[in-house]
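Trainee: How does the following fold in three dimensions:
(2 chains)
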2 protein chains.
Amino acid sequence: MPYVFEFHIKAEDGRARTGLLITPHGPVHTPLFMPVGTQATVKSLTPAELAAIGSQVVLANTYHLLLRPGPQIIANLGGLHGFTAYAGPWLTDSGGFQVMSLGHRRTIQESGVTFQNHLNGDLIHLSPERSIAIQEQLGADIIMALDECPPYPSSSRYQQDSAERTLRWLERSMEAHTQHRQALFGIAQGGTDPALRRWSTEQTTAFDLPGYAIGGLAVGEPKEATISAVALSTAIMPEDRPRYLMGVGHPEDLVAAIGLGVDMFDCVYPTRTGRFGYALTDQGRLNFKSAAHKNQDQSIDPDCDCYACRTFSRAYLTHLVRSGEILGLRMLSLHNLRYLHRLGERASKAIATGQYAYFAQTFSEARFAGTTPAWFQEALLAGGHRG
Amino acid sequence: MPYVFEFHIKAEDGRARTGLLITPHGPVHTPLFMPVGTQATVKSLTPAELAAIGSQVVLANTYHLLLRPGPQIIANLGGLHGFTAYAGPWLTDSGGFQVMSLGHRRTIQESGVTFQNHLNGDLIHLSPERSIAIQEQLGADIIMALDECPPYPSSSRYQQDSAERTLRWLERSMEAHTQHRQALFGIAQGGTDPALRRWSTEQTTAFDLPGYAIGGLAVGEPKEATISAVALSTAIMPEDRPRYLMGVGHPEDLVAAIGLGVDMFDCVYPTRTGRFGYALTDQGRLNFKSAAHKNQDQSIDPDCDCYACRTFSRAYLTHLVRSGEILGLRMLSLHNLRYLHRLGERASKAIATGQYAYFAQTFSEARFAGTTPAWFQEALLAGGHRG
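Mentor: Predicted coordinates for the structure are as follows:
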């Protein structure tokens, strides 16, 4: 099977770009939000629903799938594509982030990370080589090198040691990588210190890889620091490779980061906030745990074409959420993903027509109702989107 | 709007029959299993999915909807059909069963039942008249008279007093009933005492109603007693009216009771057992909480045409259920309902071709693997289905 992974930029507007990523499991239009299927399932939704709302790449987590059901079972059933029946492109993360956030009694050594399985207490060692081997068993179209995502705040010393180790782990990951129809992305770290972020990004992109990720952000730092680090990263990263900002999924963050030239995003936010009873709209989140909408015949969002918006009133969704009914959280998860997919589609159209500044300004007026935060305006200016 | 509620028997085989029920929201093929949507939602499923698996009538519960969201909100949104977007026929129960099983500190008087709202502690009085008024607000195609379903065991004295009161409540329900495009069914009680069951059924069917229910069974009594009471009931009930056996949903019970001339069934069993990780098949329940199927590429049931069986392996469903993922319980709920709908369709076809004895025998061999219980054989004999 030939190595099929290409990225073509279709249009640019300031630093924003829209493009086409070609993968072994189909084309991907950028910019895009990628739903997170932690346990090889985007919570509550079927593959058919994901396809219907315009999901393209779906994520799965190496850490969780290593623990359960184990990569061999997934490999035997045809990898993630066969196992889950989602036939589009998959991306697996390396397990690094989960080891840091979920691992109990974890120890970081040069060789890798040793952690306690949160399900049964067993000690497990995850090295860069083992992460790649597992990801090759899982068979995703895009795989990620093992990295460390330090917590915020961390000392300069720790951030630097960690970024250097992540870079050494990337080299080892590249050497371990044998399935070349899977595209290996490297992850730049460096926290919010501009010098370290620049160093890590330059070193990471010095390797000729099919794509690069911006890691270690959206972990609690101020939004101004996130935006500065993203602006710095995309200015360094090569134009002709996709750029993936990890763990970011708030609508306003997508609009700001797309303006700075980011192509790919993932986050549990849309499905998690849906399970908690919230629906995303341009005007902000609607809270269906409250009784505010209990008599309203209108849909969540008149502009949305998802099944929930085509079918149900806010009154019914309020009833479902307040009664703890699964259909409620399922419909809000579906709507929220469709909302973020549409946001990518709207951004793409704005870029293609040279209207990104207008799109972002219109979005900002709806979202912030006249009190646009400074970080959002600065992101647009840095991206070259003057109103 | 004219009163559209007709029942036509299409074929008979022994005491089993297949028919067509015409309601204001479409035709209904009998015999059929009716999914339970306690809170105006069949747990985890959409109206589109219910339509796709061949659901016809869907149930909702007067008791739960009285407490939340309240009947006025549902009436304002177009009744159950508009509120839920399930456009097919609905049936609402009277609230009697839930008051008995869920009501705290309930008091039964001649006027009705007083109970404590299990959500907020308020005292609520449900009379036959109020139950009808609420059900008229909900707008179901079939509504039920308020009844009392005594627990098993109850004293003869209590059973008799209760059955007499339920009959007086039926008369009051008929007087209170004003929306005549909603068909009011009466519920016969009488427990498992043949004389009292006979008396209650004769008295109930002495009223000219569009359908009759067999209530007060499947509450813990021995299966032989259930079958005897059903056999006695269907022998008394008029041929030309639909017969509804309340709260029964185990596959073998459906096959036995259809053989005795029952037309309609409802139960939370298929969706509840699905949420608990079990899948219904002719061979019995498959347990997806166990690791037994974790490597199997095959579907739940090769004969099933539901989305879960067309899409997912047993291995993947095992992973979903064992990981506590919503998609797992959702797919098992969907499959289990489709299984019971197909069971109704298979029974109907067998009746139409005079093959009910063969169908029931084949089912029995798969289900009981050579150890068919006496009650099942007796039901088939009583229904006139000799192998």
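
Trainee: burial count for A:T166?
Mentor: The number of residues packed around A:T166, counting by other C-beta atoms under 10 Å in any protein chain shown, is 28. Where you see a C-beta, it was placed from the backbone N, CA and C, and this is true even at glycine.

Trainee: so who does the residue lying farthest from the centre of chain A touch?
Mentor: Centroid-distance maximum for chain A: A:N295 at 35.4 Å, with C-alpha atoms, centre = their mean. Under the criterion of C-beta atoms under 8 Å, 6 or more residues apart in numbering or on different chains, the neighbours of A:N295 are A:A315, B:I73, B:N76.

Trainee: again, only this time at 10 Å
Mentor: Shown in contact with A:N295 (C-beta atoms under 10 Å, 6 or more residues apart in numbering or on different chains): A:S313, A:R314, A:A315, A:T318, B:P69, B:Q72, B:I73, B:N76, B:L77.

Trainee: Can you verify the fourth one is assigned to a strand?
Mentor: Read that as A:T318. No - with DSSP: H, G, I helix; E, B strand; the rest coil as the criterion, A:T318 is located in helix rather than a strand.

Trainee: returning to that earlier point: part of a strand, is the residue farthest from the centre of chain A?
Mentor: No - the secondary structure assignment for A:N295 gives coil rather than a strand, going by three-state DSSP.

Trainee: Quick check: it vs B:D266, distance?
Mentor: Using C-beta to C-beta, to the nearest Å, one gets 30 Å for the distance from A:N295 to B:D266.

Trainee: what's the answer for A:F5, then?
Mentor: Using C-beta to C-beta, one obtains 53 Å as the distance from A:F5 to B:D266.

Trainee: Now for A:T114, which secondary structure element holds it?
Mentor: In this structure, A:T114 sits in strand A:113-116 according to DSSP states H and E.

Trainee: buried residues in that strand?
Mentor: Residues of strand A:113-116 classed as buried by neighbour count (16 or more other C-beta atoms under 10 Å in any protein chain shown): A:V113, A:T114, A:F115.

Trainee: Reformat these as JSON lines; add distance to A:A291 and pLDDT.
Mentor: Output for the buried residues of strand A:113-116, formatted as JSON lines (distance: C-beta to C-beta, whole Å; pLDDT from 0 to 100):
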{"residue": "A:V113", "distance to A:A291": "46", "pLDDT": "94"}
{"residue": "A:T114", "distance to A:A291": "49", "pLDDT": "92"}
{"residue": "A:F115", "distance to A:A291": "44", "pLDDT": "90"}
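
Trainee: and which of those is nearest chain B?
Mentor: Closest approach to chain B among the buried residues of strand A:113-116 (C-beta to the nearest C-beta): A:F115, at 18.8 Å.

Trainee: my guess is the closest one meets A:V99, correct?
Mentor: Yes - the pair A:F115 and A:V99 qualifies as a contact (C-beta atoms under 10 Å) at a distance of 5.2 Å.

Trainee: how many other residues sit next to the closest residue to chain B within the stretch 201-350 of chain A?
Mentor: Of all residues in the stretch 201-350 of chain A, the one sitting closest to chain B is A:I326 (4.1 Å; C-beta to the nearest C-beta). The burial metric for A:I326, expressed as a neighbour count using other C-beta under 10 Å, is 19.

Trainee: residue ranges with poor pLDDT in chain A?
Mentor: A:1-3, A:103-104, A:387 (pLDDT under 70).

Trainee: the longest helix in it is where?
Mentor: Looking across chain A with DSSP state H, the single longest helix is helix A:326-352.

Trainee: next structured bit after it?
Mentor: Defined by DSSP H and E, the subsequent element after helix A:326-352 is helix A:356-368.

Trainee: how about the residues of the stretch 1-150 of chain A that lie near chain B?
Mentor: Within reach of chain B by C-beta under 10 Å from any C-beta of the partner chain, the stretch 1-150 of chain A has these residues: A:37-49, A:64-65, A:67-70, A:72-74, A:76-78, A:82-86, A:119.

Trainee: Buried subset of these as a PyMOL selection?
Mentor: To isolate the buried subset of those in PyMOL, counting by 16+ other C-beta under 10 Å, use the following:
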select buried, chain A and resi 37+38+39+40+41+42+43+44+45+46+47+49+64+65+67+68+69+73+74+77+82+83+84+85+86
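
Trainee: all strands for the stretch 151-300 of chain A, in order.
Mentor: Assigned strands in the stretch 151-300 of chain A, in chain order: A:183-188, A:212-214, A:243-245, A:264-266, A:278-281, A:284-287 (criterion: DSSP state E, counting those that start in this stretch).

Trainee: how about TSV for those strands, with mean neighbour count and distance to A:T205 added?
Mentor: Formatted as TSV, the entries for the strands of the stretch 151-300 of chain A read as follows, by neighbours: other C-beta atoms under 10 Å in any protein chain shown; distance: least, C-beta to C-beta, whole Å:
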stretch	mean neighbour count	distance to A:T205
strand A:183-188	26	7
strand A:212-214	27	6
strand A:243-245	26	10
strand A:264-266	25	16
strand A:278-281	23	33
strand A:284-287	17	36
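
Trainee: export these to JSON lines and tack on distance to B:A229?
Mentor: Listed next are the strands of the stretch 151-300 of chain A as JSON lines, based on distance: least, C-beta to C-beta, whole Å:
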{"stretch": "strand A:183-188", "distance to B:A229": "67"}
{"stretch": "strand A:212-214", "distance to B:A229": "67"}
{"stretch": "strand A:243-245", "distance to B:A229": "65"}
{"stretch": "strand A:264-266", "distance to B:A229": "58"}
{"stretch": "strand A:278-281", "distance to B:A229": "49"}
{"stretch": "strand A:284-287", "distance to B:A229": "50"}
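
Trainee: so which of those comes closest to A:K349?
Mentor: Put simply, out of those the one that sits nearest A:K349 is strand A:264-266, at 17.3 Å, with distance taken as C-beta to C-beta.

Trainee: Tell me which strands the closest one pairs with, and in which orientation.
Mentor: In its sheet, strand A:264-266 lies beside strand A:32-34 (parallel), strand A:243-245 (parallel), with partners assigned from DSSP bridges.

Trainee: Can you tell me which of the ones you listed is nearest to B:A60?
Mentor: Closest to B:A60 of these, according to C-beta to C-beta: strand A:32-34, at 36.5 Å.

Trainee: Residues contacting the closest one, please?
Mentor: Residues lying outside strand A:32-34 but in contact with it, judged by C-beta under 10 Å, 6+ apart, are A:18-19, A:21, A:28, A:42, A:54-59, A:89-91, A:142, A:242, A:244, A:248-249, A:251, A:254, A:258, A:263-267, A:269-270, A:336-337, A:339-345, A:347-348.

Trainee: Buried members of these into PyMOL, please.
Mentor: Here is the PyMOL command that selects the buried residues among the contacts of strand A:32-34 (16+ other C-beta under 10 Å):
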select buried, chain A and resi 18+19+21+28+42+54+55+56+57+58+59+89+90+91+142+242+244+248+249+251+254+258+263+264+265+266+267+269+270+336+337+339+340+341+342+343+344+347+348
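
Trainee: so how far is stretch A:308-320 off the chain centroid?
Mentor: In terms of C-alpha atoms, centre = their mean, to the nearest Å, the gap separating the centre of stretch A:308-320 from the centre of its chain is 28 Å.

Trainee: list the buried ones in that stretch?
Mentor: Within stretch A:308-320, the residues scored as buried using 16+ other C-beta under 10 Å are A:A308, A:C309, A:T311, A:F312, A:S313, A:R314, A:A315, A:Y316, A:L317, A:T318, A:H319, A:L320.

Trainee: What is the end-to-end distance of it?
Mentor: For stretch A:308-320, the first and last residues are 12 Å from each other (C-alpha to C-alpha, to the nearest Å).

Trainee: and it, anywhere near chain B?
Mentor: Yes - contact of stretch A:308-320 with chain B is found when judged by C-beta under 10 Å from any C-beta, involving A:A308, A:R310, A:T311, A:F312, A:S313, A:A315, A:Y316, A:T318, A:H319, A:L320.

Trainee: just these now: which is nearest A:R275?
Mentor: A:L320 (12.2 Å).

Trainee: Nothing else from me, thank you.
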